[in-house]
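In: Kindly return the folded structure for what I paste below:
(chains A and B)
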Amino acid sequence: MSSRETVLGRVRRALADVPRAERPEQTPLDRAYLRVHGRRSPRETAKLLAAHLTDYRAHVHHSTPESLPETIAELLARRGSRSVVTPAGVPQEWLPMDVEQVRDSATLTPLDLDAVDSVVTGCAVAVAETGTLVLDASADQGRRRITLVPDHHICVVRVPEQVVDSVPLALERLDPARPQTWISGPSATSDIELDRVEGVHGPRTLDVVLVGAQGWDAPDAT
Amino acid sequence: MSVTYLGMPPFPEAAETSTRDERLRGNLRHATRTIRNKRAGAVAELADWSALRTAGAQVKDRTLRHLDHYLEQLEASVTAAGGTVHWAVDAREANQIVTRLVRETGEREVVKVKSMATQEIGLNEALARAGISAYETDLAELIVQLGDDHPSHILVPAIHRNRGEIRDIFRKRMGRWGRPAPEGLSDRPAELAEAARLHLREKFLNAKVGISGANFMVAESGTLVVVESEGNGRMCLTLPETLISVVGIEKVVPTWRDLEVFLQLLPRSSTAERMNPYTSTWTGTTDSDGPRDFHLVLLDNGRTDTLADRVGRQTLRCIRCSACLNVCPVYERAGGHAYGSPYPGPIGAILTPQLDSMETGLDASLPYASSLCGACYEMCPVAIDIPEVLVHLRERVVQGGTATVRGQRTTVRPAKGHAAERAAMRAASWTFDHPRVLRTGEGFAARARRLMPRRLPGPGRAWTDTRDVPQVPAESFRDWWRRTRGPSASAPAGDSTTGADGTGQREDTR
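Out: Here you go, the predicted model:
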């Protein structure tokens, strides 16, 4: 008998008390929990996202589609970055001319990526309640490794359309077949006396640019 | 092969030493208090916590009641997504499978994400015997590995070490495994973390094989989920060409949607954050993104035996958050090592003996490593009634009975060392059934009360080491009743209704 048969046989014998006719959906499951914690306007949701990102030591910046290249250029300059890697779906126009641009491709090795200063990507969805950015390897986000090896990540979030309130709402928008990375602040550890240290193996600096059309977040827009 | 470490003494012996270690107790007091307070804040943010907790328990119960169905579904979806599924009945088989898979790649080194399952099966040791070096990449696991030590906490395995000890370990040992610690390394946590970053970086960038566990496996989509903080998980899951994940069969959840429950429960219970810094999900393999080969090793190793026990089954809901450790008064004083396995604290006290079929003296002592205060149950995000399981396992220790051991219904004998307790309980039970004997005994005890020692002799001494012998009153309740109400009072004194042989009659309890 194969180990597969052994294990499944043991599972079935162990469950002798479960009626044979019982289907999984017949066991009780009460999803009485909330889909969203609180009621917010899109503007309030974006504000909460910014607050929670900041809370976990990401740096939040605001921009408009027109001024985005300027914002990115400034962030790269502030950091002193001389090279930046981007996935195919990030428009070339986002990036300043005076920085070496590396387009991601399957031929880039981890060591190549290690030599690059920064990475610029979009995101799939952002979660306000938890301060989370989700990347799902779409064209403007690229392979998982490009947002991992370089030490500086600039992530562009389109507000309000890419921001949801909660984890349940984020999962609804995502396709499990795509590889995903959920990012909540830069990498961190609390392994030494529970003292939080930001920046271990992932990018030690995370800049988040919230991009919205001019005036989208004016109070009367709600 | 047992889940407990070789040669570990029973819990009380180990705890006798560890509770006297002032430094350990200081480290633990600080750590558990800090994280308890943080967790309370993180949980208080969610008004629906108790509804989430109920749903978490229910999703797990649904899965466990139909585990065969979900495992087959998972196998099919992982395979369809390009992964290869292996089944391991026990630790030995899992280690053999992983060793073979690594050998087939031709590599002699692997990088590892912190994983409870691979700790449980002793994978690193098994790989070492096959000439393969496994590098732990979680900072705390690295500290444990470099220090030739055992983990003492599920979430923060090096919690028993303070910064000075960690600096010493890094200075002395890093060089043996790879890049040495920087000159003049101080004991500042940020500097220590930087030393670990540099030490591990070259290993990540050159790694060809990664080994992980998983926090969740989604049956419907074949998606695996790893929740972490440092980015070492992402490194191991995405840079190597081959990824091998060893996961307990109870880690499956039915649907992608079910993650909405656990991705809220786990981080807040575990690290006490709204969300942990990094969560990775992957489904089989993806062209040019991440490993080309993905192997999933589904591990039983005592889980089906645990599943067969209707009281013990709930143990398999555990999502390894470690909230129960941080509130446990016994854990806080005894420390993780006294539990003798990778699973310390309240969850370890019920999980280890069940995975092990209670085969070692340590296993039999673990259900007693508790004051039954119930704080663990209250904290548990999937509502495992740990005290209930502890008491149930104590029954098994003392009385034996039927249990499933390696898939077979077996009559288990009471554990060694409980003969006196069992004899005493049996004698007590017989005596309570025979009122005349009870009365005679009580009268005798009352007359001899001044002769009662403060500490019991012989095997009873262990009991009185930490307790006072109860005082025997001058008069038993039954004698008092008789004296004050007279022999004809509607007697709870059973004698009048008891036959001459004294059998079969219970006291009237009205």
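In: CA only for contacts and neighbour counts going forward, please
Out: Noted.
In: Can you report how many residues lie near residue B:41?
Out: Counted by other CA atoms under 10 Å in any protein chain shown, the residues lying close to residue B:41 total 15.
In: Give me the residue ranges of the chain where confidence is low.
Out: Just so you know, I chose chain A. Low-confidence segments of chain A (pLDDT under 70): A:220-222.
In: actually chain B
Out: Applying pLDDT under 70 to chain B flags the ranges B:487-510.
In: Nearest to chain A: which residue in it?
Out: Of all residues in chain B, the one sitting closest to chain A is residue B:308 (3.9 Å; CA to the nearest CA).
In: What about that residue, how many residues nearby?
Out: Residue B:308 is flanked by 24 other residues according to other CA under 10 Å.
In: how about the nearest residue to it, chain neighbours excluded?
Out: Spatial nearest neighbour of residue B:308, chain neighbours left out: residue A:14 (3.9 Å); criterion: CA to CA, 6 or more residues apart in numbering or on different chains.
In: State the distance from that neighbour to residue B:313.
Out: Per CA to CA, to the nearest Å, residue A:14 is found 10 Å from residue B:313.
In: list residues touching both of these two?
Out: residue B:307 (CA atoms under 8 Å, 6 or more residues apart in numbering or on different chains).
In: Which residue ranges of chain A form strands?
Out: A:59-63, A:83-86, A:100-103, A:118-121, A:125-127, A:132-135, A:152-158, A:163-164, A:180-183, A:188-189, A:197-198, A:205-211 (DSSP state E).
In: List just the one of those strands that sits closest to residue B:190.
Out: Of all the strands of chain A, strand A:197-198 sits nearest to residue B:190, with 5.7 Å by CA to CA.
In: Please state the offset of that closest one from the chain centre?
Out: Remark: strand A:197-198 is offset 19 Å from the chain centroid, using CA atoms, centre = their mean, to the nearest Å.
In: possible to save the strands of chain A as CSV with distance to chain B and mean neighbour count?
Out: CSV is the format used below for the strands of chain A (distance: least, CA to the nearest CA, whole Å; neighbours: other CA atoms under 10 Å in any protein chain shown):
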stretch, distance to chain B, mean neighbour count
strand A:59-63, 14, 18
strand A:83-86, 15, 22
strand A:100-103, 15, 16
strand A:118-121, 16, 27
strand A:125-127, 10, 27
strand A:132-135, 7, 27
strand A:152-158, 13, 24
strand A:163-164, 14, 23
strand A:180-183, 5, 24
strand A:188-189, 5, 26
strand A:197-198, 6, 22
strand A:205-211, 11, 23
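In: who's in contact with stretch B:213-229?
Out: So stretch B:213-229 is contacted by A:176-177, A:187-189, B:70-71, B:73-78, B:81, B:113-118, B:233, B:245-247, B:251-256, B:276-284, B:319 (CA under 8 Å, 6+ apart).
In: Pull out the buried members of those.
Out: Using 16 or more other CA atoms under 10 Å in any protein chain shown as the burial test, the contacts of stretch B:213-229 include A:176-177, A:187-189, B:70-71, B:73-78, B:81, B:113-118, B:233, B:245-247, B:251-256, B:276-284, B:319 as buried.
In: Report the contact partners of residue B:249.
Out: Shown in contact with residue B:249 (CA under 8 Å, 6+ apart): B:71, B:298-300, B:303.
In: so which helix or strand takes in the residue most central in space within chain B?
Out: Closest residue to the average C-alpha location of chain B: residue B:348 at 2.1 Å, with CA atoms, centre = their mean. Using DSSP states H and E, residue B:348 falls within helix B:345-355.
In: quick one, helices of chain A?
Out: Ranges of helices in chain A, per DSSP state H, are A:3-14, A:42-55, A:68-79, A:110-114, A:167-173.
In: can I get the ones you listed in a markdown table with mean neighbour count and distance to residue B:406?
Out: Formatted as a markdown table, the helices of chain A follow (neighbours: other CA atoms under 10 Å in any protein chain shown; distance: least, CA to CA, whole Å):
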| stretch | mean neighbour count | distance to residue B:406 |
| --- | --- | --- |
| helix A:3-14 | 19 | 9 |
| helix A:42-55 | 20 | 48 |
| helix A:68-79 | 17 | 59 |
| helix A:110-114 | 17 | 44 |
| helix A:167-173 | 18 | 38 |
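In: now the ones you listed in CSV, with distance to residue A:36?
Out: Shown next, in CSV, are the helices of chain A (distance: least, CA to CA, whole Å):
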stretch, distance to residue A:36
helix A:3-14, 37
helix A:42-55, 11
helix A:68-79, 30
helix A:110-114, 38
helix A:167-173, 8
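In: Which of the residues in stretch A:29-43 are classified as buried?
Out: Residues of stretch A:29-43 classed as buried: A:29, A:31, A:33, A:36, A:42-43 (neighbour count, 16+ other CA under 10 Å).
In: got TSV for those, with distance to chain B too?
Out: Formatted as TSV, the buried residues of stretch A:29-43 follow (distance: CA to the nearest CA, whole Å):
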residue	distance to chain B
A:29	5
A:31	6
A:33	5
A:36	10
A:42	20
A:43	20
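In: start to end distance for stretch B:279-289?
Out: End to end - CA to CA - stretch B:279-289 spans 16 Å.
In: what comes into contact with it?
Out: Residues contacting stretch B:279-289 (CA under 8 Å, 6+ apart): A:106, A:143-145, A:176-183, B:78-83, B:221-228, B:233-234, B:238, B:291-294.
In: mind redoing it with 7 Å?
Out: The list of residues contacting stretch B:279-289 from outside it, by CA atoms under 7 Å, 6 or more residues apart in numbering or on different chains, reads A:106, A:143-144, A:177-183, B:78, B:81-83, B:222-228, B:234, B:291-294.
In: neighbours of residue B:236, just the number please.
Out: Residues near residue B:236, counting by other CA under 10 Å, number 28.
In: which residues sit in contact with it?
Out: Counted by CA under 7 Å, 6+ apart, residue B:236 has contacts B:111-113, B:204, B:210.
In: Equivalent analysis for residue B:276, please.
Out: By CA under 7 Å, 6+ apart, residue B:276 lies in contact with A:184, B:227-229, B:267.
In: Let's verify it: helix, strand, or coil?
Out: Three-state assignment for residue B:276 (DSSP: H, G, I helix; E, B strand; the rest coil): coil.
In: give me the element the residue lying closest to residue B:158 once chain neighbours are set aside is part of.
Out: The spatial neighbour of residue B:158 that comes closest, neighbours along the chain excluded (CA to CA, 6+ apart), is residue B:140 at 5.1 Å. Per DSSP H and E, residue B:140 falls inside helix B:139-146.
In: what's the distance between that helix and the middle of its chain?
Out: 20 Å.
In: which helices and strands does that helix pack with?
Out: Judged by 3 or more CA pairs under 7 Å, 6 or more residues apart in numbering or on different chains; DSSP states H and E, helix B:139-146 is in contact with helix B:163-177.
In: can you state the direction angle for the helix it packs on and helix B:139-146?
Out: Helix B:163-177 and helix B:139-146 are oriented at 70 degrees to each other (axes from the mean of the first three to the mean of the last three CA atoms, to 10 degrees).
In: How about helix B:163-177, which residues are buried there?
Out: Going by neighbour count (16+ other CA under 10 Å), the buried part of helix B:163-177 is B:163, B:166-167, B:169-171, B:173-174.
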